[in-house]
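Participant: attaching a predicted model along with its sequence, questions to come.
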Amino acid sequence: MKIRKTAVFAMIISLLAALITGCGGADTAGDSGDLGAENGLDKITVQSLWLPQGQFAGLYAAEAKGFYEEEGIDVEILPGGTDVSSEDQVENDVAQVGVAFYSSVLTYQEGGYDFINVFQTFRNSPQYLVAKAESGIKTGKDLKGKKVGSWFGGRQYEFYALAQLNGLDPEKDIEWKQQDYTMDQFISGELDVASAMSYNEYLLLLENGFNEEDLNVIDMNKEGAAMLEDCLFVKRSWAEENRDLLVRFIRATIKGWKYVAENPEEAAQIVYEAGKNSTLEHQIAMTEKVLESVIPEGSDESQIGYPDEKSILQTIDLGLQSGLIKSRIDINDSIDTSYWEEAAE
């Protein structure tokens, strides 16, 4: 087949244009993607753990109030769900930053994944076990022989640790039940004890006719069984190649959570508009409750997101004790506070 000279010339021009375009993109964000061609901002994709809600208010506030843009970053927040794994998304470079339970990140680190925790959003555990006050169930030692609901998927290990701390065998002394994402099984009496996040399911019970005095709450923090949940993690290799970008991202995220602390209702409005998957009133209540884990009573607001060594070590130790992980992970292989420290300067 003959090719006309004009066609060959056109092909050469096209190739030259592609080469010129490629060379012009030297200032990139490494594996994070190309510099935004239209806005000149570095691109970062964040894989969230769930749908937009107060649990992630700091991220959405930082995006909506322009804190990321001020740091030269264009951030896209991908909503999560039951069929989305933040760890898989980061591993496959769909996202550069993932939101996940730190306890879950530990299992991936043990499996050889190149992940590090760079921002510990929750500084205590928001996970409750709740029982009706009339049941007399008040502490971990009262769980023996009871029907206890769990979502499993890794969330059960905090309760296993609770049982062990109270001298119970988690596999023999407790009747575990698969719990759905409503509180219907608890309300109907199918469960003696139910899992409940302090910022979500517990609030749902209060919104559906229960008073605080009608419920006994087993708080993992008070029981010494707390394992850390929401954190921001990245690939260590990506962080090393994009240090300045990650530092800027963390700086803006800290600013976002500080804004939430000062303006919880406005922050709740932001996440409500982003998702509209519950009522505004619920988002306000959730955001206010989430702040109790982001900035626990007695903690310093300037430490938002800082991975506290004591809590990290407790999570690792309880993870090993409860069977979440099989070998003890070195804290220096698991977290890196240097990016946070540089961002906070």
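Facilitator: Structure's in. What do you need?

Participant: just the helices in the stretch 51-200 of the chain please.
Facilitator: Secondary structure of the stretch 51-200 of the chain (DSSP state H, counting those that start in this stretch): helices located at 57-64, 67-70, 86-91, 102-110, 157-165, 184-188.

Participant: of those helices, flag the one that's most buried.
Facilitator: helix 57-64 (a mean of 26; mean count of other CB atoms under 10 Å). Where C-beta positions appear, they are placed from N, C-alpha and C, glycine not excepted.

Participant: gap between the residue lying closest to residue 228 once chain neighbours are set aside and residue 314?
Facilitator: Spatial nearest neighbour of residue 228, chain neighbours left out: residue 102 (4.1 Å); criterion: CB to CB, 6 or more residues apart in numbering. Distance, residue 102 to residue 314, by CB to CB, to the nearest Å: 11 Å.

Participant: now do the shared contacts for those two.
Facilitator: residue 227 (CB atoms under 8 Å, 6 or more residues apart in numbering).

Participant: so for residue 316, what's the nearest residue that isn't a sequence neighbour?
Facilitator: residue 329 (5.7 Å).

Participant: contacting residues for the one you found?
Facilitator: So residue 329 contacts 106, 109, 110, 316 (CB under 8 Å, 6+ apart).

Participant: swap in residue 257?
Facilitator: Counting by CB under 8 Å, 6+ apart, residue 257 has contacts 57, 58, 61, 62, 121, 294, 295, 304, 305.

Participant: any idea how far the nearest residue to residue 167 once chain neighbours are set aside lies from residue 166?
Facilitator: Leaving aside its chain neighbours, residue 167 sits nearest to residue 141 (7.2 Å; criterion: CB to CB, 6+ apart). Distance, residue 141 to residue 166, by CB to CB: 4 Å.

Participant: again, but for residue 196
Facilitator: Where residue 166 is concerned, residue 196 sits at a distance of 19 Å (CB to CB).

Participant: so which of these two has more stuff around it?
Facilitator: residue 196 (24 against 17; other CB atoms under 10 Å).

Participant: so residue 199 touches residue 283, yeah?
Facilitator: No. Using CB atoms under 8 Å, residue 199 is not in contact with residue 283, being 10.3 Å away.

Participant: more neighbours: which of these two?
Facilitator: Between residue 199 and residue 283, counted using other CB under 10 Å, the more crowded position is residue 283 (28 against 23).

Participant: in this structure the more buried one contacts residue 273, no?
Facilitator: No. Assessed by CB under 8 Å, residue 283 is found out of contact with residue 273, at 9.6 Å.

Participant: which SSE is residue 217 in?
Facilitator: Under the criterion of DSSP states H and E, residue 217 resides in strand 215-219.

Participant: buried ones in that strand?
Facilitator: 215, 216, 218, 219 (16 or more other CB atoms under 10 Å).

Participant: which other helices and strands does that strand contact?
Facilitator: The contact analysis (3 or more CB pairs under 8 Å, 6 or more residues apart in numbering; DSSP states H and E) places strand 215-219 against strand 127-132, helix 201-207.

Participant: and the strands in the stretch 201-345 of the chain, which stretches?
Facilitator: 215-219, 230-235 (DSSP state E, counting those that start in this stretch).

Participant: got any ranges where the stretch 1-150 of the chain has weak pLDDT?
Facilitator: By pLDDT under 70, the low-scoring segments of the stretch 1-150 of the chain are 1-38.

Participant: before we move on, the earlier item: intersection of neighbour lists for residue 199 and residue 283?
Facilitator: Each of residue 54 lies in contact with both residue 199 and residue 283 under the rule CB under 8 Å, 6+ apart.

Participant: residue 194 versus the closest residue to residue 84 other than its chain neighbours, what's the distance?
Facilitator: Spatial nearest neighbour of residue 84, chain neighbours left out: residue 47 (7.1 Å); criterion: CB to CB, 6+ apart. Going from residue 47 to residue 194 by CB to CB gives 28 Å.

Participant: max pairwise distance over the buried residues of strand 215-219: which two?
Facilitator: Within the buried residues of strand 215-219, 215 and 219 form the most distant pair, 11.8 Å apart (CB to CB).

Participant: having no further points to raise, I will conclude here.
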